[in-house]
Every structure is written in C-alpha cells, then in structure tokens.
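Trainee: fold the stuff below for me.
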Amino acid sequence: MGVNDAIRSFIEFIRNVTPSDHSDKGLFKDSTTLIVHENQTVILVGDDADKYREVKASVYEAISARRPVSRKAVDSILDDFFMRALASGDHRELPHLDDQLQAGIQRLKTALFEQLKSWEVRLTVEGLAPSGLPMRVGKVDFRFVDDEYLEELQGDLRQSTGTETGDVPHATQPLMNIVGAIRDKAIAVSTVNSVDRDAAIDTARHDLRITIDAINFFASRESMRGWVFLPGDTMPQAELVFASCTGSNLEMSFHRAGPIRCIPLNQLASRKGFARVSEILAKENPTDLEERILASLQWAGRAQVEARREEAFLFYAIALETLVLGRKTTMEITHQLATRCAHLAGGPSLDEKQLVVQKIRALYDLRSKIVHSGSLQIKEEELAQIREYSRLSLFFIIDVEPFREMKLVNDLEGWFKTRLLMGEVRSD
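Mentor: Predicted coordinates:
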C-alpha cells in the first residue's frame with residue numbers, strides 16, 4: 001500500500017470510529033487499545049482496536065519504506081492526530097468532522113515527512129583487537145576506546161547533561177561509570193540520516209551487522225580462531241565437561257566455546273577482495289549486482305561463525321544461491337546452480353567442470369535432506385566443500401576479471417548465458 005492510500009485508510013477510520021466509554025463492561029474480554037494524549041484518554045475496543053493497529057501499521061510500513069523512521073515516532077504522530085481530531089467528539093457529535101480531517105491531511109503528511117537529521121551513532125563491538133585501529137570499513141569507523149577517546153566520550157556526555165564545567169553532580173556519576181565500562185573495547189561509529197533517535201540506532205546497527213558479516217567472511221575461523229560480534233550475540237566461554245564409562249574414573253576437561261582471540265582488522269584489510277567490499281559497503285546506492293554480493297556475504301559471514309555444522313552448511317548454501325542464482329530462477333535450481341558454479345570456478349577442462357557439477361549436486365542433496373527431512377548428519381569434509389565453493393565463487397565475482405568490472409546483475413547473467421551457449425556441462 002502506498003503512502004497516500006495508507007493515510008486515506010487512517011483518515012477513513014477516524015471518520016467512522018466510535019470510541020468506547022463503557023469501561024465497566026470488561027474491556028479485556030476483547031482486544032483493547034488505550035490512547036493517552038495530554039489530559040485526554042480514548043479507549044478502542046474489539047474491531048475498532050484491531051483496525052486502528054492495522055491502519056497505523058500500514059502507514060508505518062509505507063513511510064518506513066521511503067525513509068528511516070521508527071515505529072515509535074510514527075505511532076506518536078498518528079496518535080496525536082487522532083486525539084486532536086476527536087478532541088471535541090466523534091462523527092456523532094461533529095457534523096463537520098470530514099472537513100476538519102481533510103484540512104488536516106497536509107499537516108499530518110508534513111509531520112510524517114519531517115526533514116531527516118544527521119545522527120552520529122556509536123555502538124560497542126566485541127572481538128576486535130586494538131591493533132590496526134582506528135580503521136574505516138565501508139560506512140563504519142572502528143575505534144579503540146583508550147583513555148583519550150574515553151575522555152572525549154565523557155566530555156560529550158558532560159556537555160549534553162549541562163555539566164561540562166566543575167565537579168560531576170552525584171546524579172550524573174552513574175552515567176560516567178557506565179561510559180567507563182567500555183574502556184579497552186572497540187566501538188563502531190556511524191553517521192546516518194534519520195527522523196528520530198530510535199530509527200538512527202536501528203539504521204546504524206543494520207549497517208554495522210552487514211559490515212561485521214563481511215569482516216567475518218574474510219576472517220577464517222580456522223586460522224584466526226575468533227570473529228567479530230555485537231554484545232549479546234555470543235561470548236567466549238570455558239565449558240566444563242565431565243565424562244566416565246563403566247569401570248573407569250570420572251574425567252574432567254575444559255572446552256573453549258566461542259571466539260578464542262580478537263580479530264586484528266588491519267590484517268584482514270590486506271586480504272584479496274577486502275578493499276572492494278569496503279568500497280561497496282560505503283556506497284549509499286549500490287548497484288543490483290553489488291546488493292547481491294552483499295547479501296551473499298552476509299550469509300557466508302554468518303556461516304563462518306556458526307558452530308552447528310548443519311546450520312553453517314545451510315548458510316553457505318544460501319550464500320551460494322544468492323550470489324549465483326539471485327531471485328529470478330526459471331529452471332531446476334540444482335542443475336542451474338551446478339552448471340553456473342562449474343563455469344564460474346570449475347577449471348578450464350570439461351572434466352573439471354563435470355566434477356564440480358557432480359559435487360554441487362551431491363551437496364544439494366544434503367541441503368534438501370536438512371531442509372525437508374531434518375537430517376543433521378553433516379560431516380566436516382562436506383561442510384568444508386560447500387564452504388570452499390561459496391568462498392571461491394564470492395572471491396571470483398568480487399575481485400577477478402571480468403566480474404570485478406561488472407556493475408549490474410544483467411552483466412553477470414549475460415556472462416553465464418554466453419558460457420551455456422558455448423556448451424552444456426553435464427554430470428552424466
């Protein structure tokens with residue numbers, strides 16, 4: 001639904017709604033919405049409550065599709081308009097309510113399309129080593145919170161609370177202690193345009209997650225023994241394990257779970273393809289092919305840090321499909337994927353390409369078993385195979401000619417079509 005249609009539905013709802021004034025009849029037996037504005041309260045019950053939430057959701061979806069704004073901000077604007085419109089009564093008491101609503105539509109649109117403001121959002125990041133920081137990757141500046149940067153943050157906080165001079169008031173001290181807790185941690189700084197603070201944080205966190213997935217793609221879990229993550233995603237822990245069998249003593253052992261060491265970002269920056277990915281991440285409007293690369297990188301980055309083999313296997317499979325097939329797939333998926341992978345990275349000879357087709361088909365049989373029959377028996381070598389095909393395909397399209405110079409999905413699709421016309425690759 002478009003913005004104008006969504007707003008018309010909202011106005012139409014106000015035109016016909018009859019708020020409840022029967023709070024003694026058991027409101028909670030039906031769906032209920034309570035709207036409070038200044039000294040005025042309106043209660044919507046049953047279908048009216050459901051419809052109000054529905055029309056507000058439609059307006060939010062239409063607005064948020066065009067600009068970064070939080071659900072909270074849109075709801076506040078709509079609630080305010082609703083309450084002001086019915087301040088003197090509903091359609092039963094106000095014969096000119098329709099004229100009043102039509103006159104207020106432009107004011108409502110102006111409020112919903114408030115000018116975007118520039119926000120600087122700082123989010124803490126786990127798993128990054130201080131070496132090589134500060135460094136910019138895409139739109140994100142990664143900084144290490146040393147004493148100097150901590151003092152800068154605390155100075156900003158003092159200024160925002162009006163205590164930039166003199167001793168810190170007792171009420172402000174807990175805030176300073178919280179800021180002090182991020183000493184010796186990494187922080188990600190992003191500048192985003194948004195209507196309100198909540199939307200700015202969501203936008204910055206979204207950009208940061210994509211960037212972290214890309215970083216983890218380049219940080220081989222096997223060699224780096226660590227990865228980058230946001231607070232709450234994962235933490236390194238020591239797992240205590242007890243085991244014994246009949247006739248033997250109880251044995252105790254420790255197992256390290258989660259990332260073991262922090263990632264030196266400067267080491268990753270020199271790896272093949274990293275600079276190109278950083279360029280793509282920095283773009284405000286990436287091309288459709290670049291968006292496909294980023295989507296594939298996200299899945300591969302998640303697979304890189306996933307501890308469960310079957311889930312990592314699926315993530316790598318999705319990364320491969322996203323990159324090589326995209327959304328418009330008209331022929332049988334396994335055949336198309338296998339032949340495209342063979343042409344992309346299968347070697348120059350027909351035998352080498354046929355071997356890739358056979359392996360991709362076998363791997364996708366495993367994928368189907370996981371998805372459709374719940375099979376969880378993925379061997380390490382099977383995971384290693386699909387990881388290698390996903391990583392190779394991404395590296396080829398990111399940083400190998402002629403793919404590096406391609407801008408659009410149609411360029412890549414044209415390359416595949418040309419190869420297929422030159423000769424079909426079969427596995428039998």
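
Trainee: contact partners of the strand or helix carrying A188?
Mentor: Secondary structure from DSSP states H and E places A188 in strand 186-194. Residues from elsewhere that reach strand 186-194 (Cβ atoms under 8 Å, 6 or more residues apart in numbering): 68-69, 116-128, 130, 133, 139-145, 149, 200, 203-204, 207-208, 211. C-beta coordinates here come from the backbone N, C-alpha and C atoms, glycine included.

Trainee: same thing with stretch 68-75?
Mentor: 56, 59-60, 63-64, 112, 116, 192-200, 202-203.

Trainee: what mean pLDDT would you report for the longest helix anywhere in the chain?
Mentor: Ranked by residue count, the top helix of the chain under DSSP state H comes out as helix 197-218. Mean per-residue pLDDT for helix 197-218: 91.

Trainee: where in the chain is pLDDT low?
Mentor: Residues of the chain that meet the criterion pLDDT under 70 lie in 19-31, 37-39, 88-95, 160-176, 221-222, 234-257, 326-332, 372-376, 421-428.

Trainee: which helices and strands sit right next to the strand or helix carrying L294?
Mentor: Element membership for L294 (DSSP H and E) is helix 288-305. Under the contact criterion of 3 or more Cβ pairs under 8 Å, 6 or more residues apart in numbering; DSSP states H and E, helix 288-305 touches helix 197-218, helix 274-282, helix 309-324, helix 380-399, helix 409-422.

Trainee: what comes up buried for it?
Mentor: 289-290, 292-305 (16 or more other Cβ atoms under 10 Å).

Trainee: please apply the same query to stretch 335-351.
Mentor: Quick answer for stretch 335-351 (16+ other Cβ under 10 Å): H335, Q336, L337, A338, T339, R340, C341, A342, H343, L344, A345, G346.

Trainee: what's the closest of the buried residues of helix 288-305 to D411?
Mentor: L289 (6.7 Å; Cβ to Cβ).

Trainee: look up the closest residue to the closest one, ignoring the ones flanking it.
Mentor: V409 (5.0 Å; Cβ to Cβ, 6 or more residues apart in numbering).

Trainee: would you confirm that the one you found contacts D288?
Mentor: Yes: counting by Cβ atoms under 8 Å, V409 does reach D288; the two are 4.7 Å apart.

Trainee: and whichever helix or strand L157 is part of with strand 186-194, angle?
Mentor: For L157, the host element (DSSP H and E) is helix 147-160. Interaxial angle, helix 147-160 versus strand 186-194 (axes from the mean of the first three to the mean of the last three Cα atoms, to 10 degrees): 40 degrees.

Trainee: now helix 147-160: how far from the chain's centre is it?
Mentor: Counting by Cα atoms, centre = their mean, to the nearest Å, helix 147-160 is centred 29 Å from the centre of its parent chain.

Trainee: check which helices and strands it sits against.
Mentor: By 3+ Cβ pairs under 8 Å, 6+ apart, helix 147-160 packs against helix 173-180.

Trainee: domain parsing for the chain?
Mentor: Partitioning the chain according to automatic domain parsing yields domains covering residues 3-112, 117-145+184-237, 287-422.

Trainee: mind checking which of those domains is nearest A269?
Mentor: domain 117-145+184-237 (6.6 Å).

Trainee: show me how far that closest one is from its chain's centre.
Mentor: On Cα atoms, centre = their mean, the centre of domain 117-145+184-237 falls 12 Å from the chain's centre.

Trainee: how about stretch 357-372?
Mentor: 27 Å.

Trainee: just the buried residues of that stretch, please?
Mentor: Buried positions in stretch 357-372, judged by neighbour count with 16+ other Cβ under 10 Å: V357, K359, I360, L363, Y364, L366, R367, I370.

Trainee: which of the residues you listed fall in helices?
Mentor: V357, K359, I360, L363, Y364, L366, R367.

Trainee: which of those residues sits closest to T41?
Mentor: Closest to T41, out of all of these and judged by Cβ to Cβ, is R367, at 54.5 Å.

Trainee: is the closest one in contact with L314, as I believe?
Mentor: Yes: using Cβ under 8 Å, R367 is in contact with L314, at 6.7 Å.

Trainee: any chance of a markdown table for the ones in helices among the buried residues of stretch 357-372, columns distance to G226?
Mentor: Below are those laid out as a markdown table (distance: Cβ to Cβ, whole Å):
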| residue | distance to G226 |
| --- | --- |
| V357 | 36 |
| K359 | 30 |
| I360 | 30 |
| L363 | 27 |
| Y364 | 31 |
| L366 | 28 |
| R367 | 28 |
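
Trainee: so which of the contacts of strand 186-194 sit within strands?
Mentor: Counting by DSSP state E, these place 117-125, 140-144 in strands.

Trainee: can you pick out the most distant pair from these?
Mentor: Farthest pair in those, by Cβ to Cβ: K117 and F144, 28.1 Å.

Trainee: neighbour count: the two, which is higher?
Mentor: A direct count of neighbours by other Cβ atoms under 10 Å for K117 and F144 places F144 higher, at 19 against 12.

Trainee: wait, K359 sits on A384?
Mentor: No: using Cβ under 8 Å, K359 is not in contact with A384, being 11.7 Å away.

Trainee: same list, the helices and strands packed on helix 288-305, but as JSON lines with distance to Q102 please.
Mentor: Shown next, in JSON lines, are those (distance: least, Cβ to Cβ, whole Å):
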{"stretch": "helix 197-218", "distance to Q102": "29"}
{"stretch": "helix 274-282", "distance to Q102": "45"}
{"stretch": "helix 309-324", "distance to Q102": "46"}
{"stretch": "helix 380-399", "distance to Q102": "53"}
{"stretch": "helix 409-422", "distance to Q102": "44"}
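
Trainee: burial check on the residue nearest to L289, number of neighbours?
Mentor: 17.

Trainee: ok, now I263?
Mentor: Quick note: I263 (other Cβ under 10 Å) scores 23 neighbours.
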